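turn this into a model:
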Amino acid sequence: MWTWNNRRIRFMSIADFGVTHRLRFVAGFLSALALSACDDAQLNSNGGPVLRAHVHTTFPIHSAETRQVAFSPDAEAFGSSSVDGTVKICRVSDGQFLRTFLHPQGVTSISFSPDGRLLVSGSYDRIVRVWSVREGSLLQEFSGHAGTVWSVAFSPDGQTIASSGEDKTAKLWRQSDGHLLHTLPGHALNVWCVKFSPDGELLGSGSFDKTVKLWRVKTGDLLQTLTGHTEAVVHVAFSPNGRLLASGGDDSSIRLWSVPDGKLISTFIGGTDHVYSVAFSPDGRWLASGGRGQGAIATLWKQIVGPRLSARGNTVRLWRVSDRTLQQVLSEHEDDVWSVAFSPDGQWLVSGSEDKTVKLWRLETNRADIVK
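Next up, the predicted model:
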């Protein structure tokens, strides 16, 4: 039952097999509304573009948790790294395994080079490794971190590799010969994530110290420190035009920042207890997030204030960037979602989880009349 008062939905109760879920709505006009009984129930006002995802394939490919997933630049394959000490490469079209890269310890992070010929990995054993994707062979090892390497990334031109780790630093390496270009100190605790801006001029880093930092790649200079998170910042991502940066963390929030001036544009709740991964779609219209939940409340934000929908945690969530509204809740994973990534052609989403699986999702975009 729902009641309508002054054109605002104030209260709704839905009974499903004896279980009642209450949804409270605050300010915000909705001209149409529909809910499904499925786990991926959605709520939205009509008239805007809608992104929907459907599970295409589930890959039970690791013997321990999946830590990161990434698409190849041609969108024909994806890679996944795991605590089981492997990186696996799979073909999107038929799910065939193409390569397995073995490490002596768990693999925390991976990144493809822009031409797709190389893959870089970071590991618990403190080593950054560069691999030939075609041959499956180890080409280089970079040593320098004093603890676990939490994150690695290729620059857009493929000439530089960034890494970050437990030793509170980020590092920039020349890919061709492994020469250490810069060590970036400044974070007070573990540096969880590093990402290059699309033009390759900036590096963003997120840390346990609750901050995001922006660095000049050429010089290694610190440009800005972005504060606002109340717990560790686990992941960062630049928008395709480089003007926005999204950050997610253990305070359950996703924050959008203006890169030119470092100002906080918007804060909205990720719908999970922890946000472990954020990713922009190639056209910049959508944002995907993954994390951990304990039967968490999924909060649908529109300019910070909006309705709420009860949903299971351990989910992938799809957001529309223009108005910060939640498009879909994908709850098929059975444990924490550590990583999400859009394919370069925008047709696929891949997610990796502590449930040891990788899921490939097919994406569709349309206009919303009534979202179900």
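
CA only for contacts and neighbour counts going forward, please
Noted.

Q140 is in contact with V130, isn't it?
Yes. With contacts counted by CA atoms under 8 Å, Q140 reaches V130, the gap being 5.0 Å.

which one's more surrounded, the two?
V130 (24 against 17; other CA atoms under 10 Å).

what's the mean pLDDT across stretch 362-372?
Taken as a whole, stretch 362-372 carries a mean pLDDT of 62.

so for stretch 278-291, mean pLDDT?
Here the average pLDDT along stretch 278-291 is 95.

so which bits of it are buried?
For stretch 278-291, the neighbour count (16 or more other CA atoms under 10 Å) marks 278-282, 284-291 as buried.

so, low pLDDT: which residues of the stretch 151-300 of the chain?
Applying pLDDT under 70 to the stretch 151-300 of the chain flags the ranges 270-272, 293-300.

now with 50, please.
Residues of the stretch 151-300 of the chain meeting the criterion pLDDT under 50: 294-300.

for the stretch 51-200 of the chain, what spans make up the helices?
Per DSSP state H, counting those that start in this stretch, the stretch 51-200 of the chain carries no helices over any range.

possible to save the buried residues of stretch 278-291 as CSV with distance to Q96?
Putting those into CSV (distance: CA to CA, whole Å) gives the following:
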residue, distance to Q96
V278, 27
A279, 25
F280, 26
S281, 25
P282, 25
G284, 30
R285, 31
W286, 28
L287, 28
A288, 25
S289, 26
G290, 25
G291, 27
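
secondary structure and distance to D221 added to these, as TSV?
Below are these laid out as TSV (DSSP: H, G, I helix; E, B strand; the rest coil; distance: CA to CA, whole Å):
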residue	secondary structure	distance to D221
V278	strand	25
A279	strand	25
F280	strand	26
S281	coil	29
P282	coil	28
G284	coil	28
R285	coil	31
W286	strand	31
L287	strand	29
A288	strand	30
S289	strand	29
G290	strand	31
G291	strand	31
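
what's around N366, how many residues?
N366 has 10 nearby residues by other CA under 10 Å.

my error: substitute S207 in the last question.
Around S207 there are 28 residues (other CA under 10 Å).

wait, it touches H187, no?
Yes. Counting by CA under 8 Å, H187 is a contact partner of S207 at 6.8 Å.

pull up the overlap in contacts between these two.
When contacts are counted by CA atoms under 8 Å, 6 or more residues apart in numbering, S207 and H187 have no shared neighbour.

pretty sure V358 sits against V350.
Yes. If you go by CA under 8 Å, V358 and V350 touch, sitting 7.0 Å apart.
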